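J.: fold the following for me, if possible:
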Amino acid sequence: MQKTDYPLWARDTIRYGDTDRQGHVNNAVFSTFLETGRVQFLMNSGRPIRAPGSSFVIVRLVLDFKAEMLWPGEADIGSRVKSVGKSSFTLEQIILQGETVTAIAETVMVMVNEQTRKAQALPETSVAALKALQVAP
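T.: Got it, this is the predicted structure:
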C-alpha cells in the first residue's frame, strides 16, 4: 500500500472517549473515521459527484480490522473508487495511524432521488467525477 494509491485523504482526531476498556479505539469508531473520509470524498473532492436533488445511501459496508488504534493520535483515511455502476459505486478506504494500516473497508453507495427515495441513475458528470478518482488495482 502506498499513499498515492488513494487520491483523497482526510484526517480525524482520536479522542480519549473513543477508547474502550482495553484502551484501544472501539470498533464502532472505525466506522466514524470511514464516514469522515466519505464526507470528504463526496463533498470536498473538487468534483461534482452528487447530482442536485439526490443523495447517497450506503447499501453495503465491509470493514476488516488489521491493527489496533491507540489514543492519543490521529486517523488518516484514504479513499478511492473501485468501480462505478448504473446508480452506484464502490468506494475503497484505508485507515492509518501513523504508517500502520489499522483497517480497510469497501462500501457500496447508491444515488437516490431525495423526493422519491428510490435509486436513480448516476448522471454522466457523476460518472466522470467518480472515474477520475478511480485507481487501477
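
J.: okay, CA-based contacts and neighbour counts for the rest of this
T.: Fine.

J.: residue 5 contacts residue 94, doesn't it?
T.: No. In this structure residue 5 lies outside contact range of residue 94 using C-alpha atoms under 8 Å: 10.1 Å.

J.: which of the two has more neighbours?
T.: residue 94 (25 against 14; other C-alpha atoms under 10 Å).

J.: grab the nearest non-local neighbour of that one.
T.: residue 104 (4.4 Å; C-alpha to C-alpha, 6 or more residues apart in numbering).

J.: continuing past the lengthiest helix in the chain, what's the next helix or strand?
T.: Using DSSP state H to define each element, the chain has its longest helix at helix 27-43. Heading C-terminal from helix 27-43, the first helix or strand you meet, by DSSP states H and E, is strand 54-65.

J.: show me what the helix or strand hosting residue 83 packs onto, helices and strands only.
T.: Using DSSP H and E, residue 83 falls within strand 73-84. Counting contacts by 3 or more C-alpha pairs under 8 Å, 6 or more residues apart in numbering; DSSP states H and E, strand 73-84 is packed against strand 8-14, helix 27-43, strand 88-97, helix 124-132.
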